[in-house]
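Asker: How does the following fold in three dimensions:
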Amino acid sequence: MIPAKTLGAVRVGSVDRIRPAAEALRDIVADLTGLRCAVTDNIAVQEPMKDGAGEILASAVFGFATGDDARWWRFPQLALTSPLPMACRFESEPFWCNAQGIHTPTPNLLLSALDLSNFRERALTSAAIVAPVHLPFGQIAAASFLSPDPEVDDLSAPFEQHGEALALLARTFVASYVKVTERRRPSVATALLSKREVECLRWAAAGKTNDEIGTILGLQRTTVRFHIRSASVKLDAVNRDQTLFKAAQLGFLAMIR
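Answerer: Sure thing, here's the model as predicted:
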């Protein structure tokens with residue numbers, strides 16, 4: 001159990017609190033596990049996390065400033081090639097990984113298909129504990145916890161002892177950082193889709209035509225079109241593709257298994 005005071009130290013309440021919260025996260029993790037932190041608020045973009053003065057947290061706080069260390073945040077293609085952020089796209093629980101596999105508290109078959117070849121070169125470490133943070137609008141953040149010795153390839157012990165605590169610390173820091181730095185979005189907070197609208201959108205997202213959706217759900221084609229159009233209006237979308245995109249971001253379109 002992490003004390004409320006400790007969580008409060010890593011929570012970002014304002015832009016001015018970004019740097020102190022990041023420093024607290026760094027120090028708490030080091031005291032707890034002896035590990036280093038590498039944090040990104042969005043694995044899909046190049047923009048690094050910054051404090052209120054515009055300083056890049058990766059180098060100014062977390063110590064990733066030179067050599068391979070700097071590549072953690074200077075090369076955005078790592079989000080596409082490194083197995084660490086890739087695994088975060090398919091896993092929401094904390095995990096640890098090395099060249100031998102991705103180790104999760106609960107088995108995840110999707111992870112077994114990921115390519116772990118040349119792990120050290122692609123992940124820039126021999127092993128890492130990773131805490132995925134899935135945020136609103138489909139944004140995925142991640143915190144990696146690494147040994148100061150890049151050759152250490154077994155983090156099973158600190159993961160077993162502190163994995164959940166690390167994940168909670170990471171989520172508290174990253175989620176609060178995003179809230180205080182996020183640009184205002186057009187509001188869709190009041191969009192309430194009906195059961196039929198969601199059903200039609202899910203089948204549309206699976207590639208079905210209006211006629212096919214009608215057959216599956218026992219509806220007329222015009223009724224299917226009405227439900228999809230109604231959802232478009234509620235989501236302030238201009239066409240079918242944007243309707244599906246916004247609905248997916250808001251979590252209405254669960255994977256059809």
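Asker: so where's the chain shaky on pLDDT?
Answerer: 66-80, 184-190, 255-257 (pLDDT under 70).
Asker: give the contact list for the closest residue to V178 other than its chain neighbours.
Answerer: The shortest distance from V178 to any non-neighbouring residue, by CB to CB, 6 or more residues apart in numbering, is to D41 (5.5 Å). Using the backbone N, CA and C atoms, a C-beta is placed for each residue, glycine as well. Applying CB atoms under 8 Å, 6 or more residues apart in numbering, we find D41 in contact with M49, Q139, A141, V174, Y177, V178, T181.
Asker: Likewise for L116?
Answerer: For L116, the contacting residues are P83, C97, A99, Q100, G101, I102, by CB under 8 Å, 6+ apart.
Asker: The fifth one: how many residues sit nearby?
Answerer: When you say that, I think you mean G101. 14 (other CB atoms under 10 Å).
Asker: Please report how far the nearest residue to it once chain neighbours are set aside lies from T81.
Answerer: In this structure, G101 finds its nearest non-sequential neighbour in L116, 7.1 Å apart by CB to CB, 6+ apart. Distance of L116 to T81, computed by CB to CB, to the nearest Å: 12 Å.
Asker: and if you look at D16?
Answerer: Between D16 and T81 the distance is 36 Å, computed by CB to CB.
Asker: got a list of what the residue lying farthest from the centre of the chain touches?
Answerer: In the chain, counting by CA atoms, centre = their mean, Q220 sits farthest out from the average C-alpha position, at 39.1 Å. Contacts for Q220 (CB under 8 Å, 6+ apart) come out as G214.
Asker: Please apply the same query to the one 5 residues further on.
Answerer: Taking CB under 8 Å, 6+ apart as the contact definition, R225 lies against N210.
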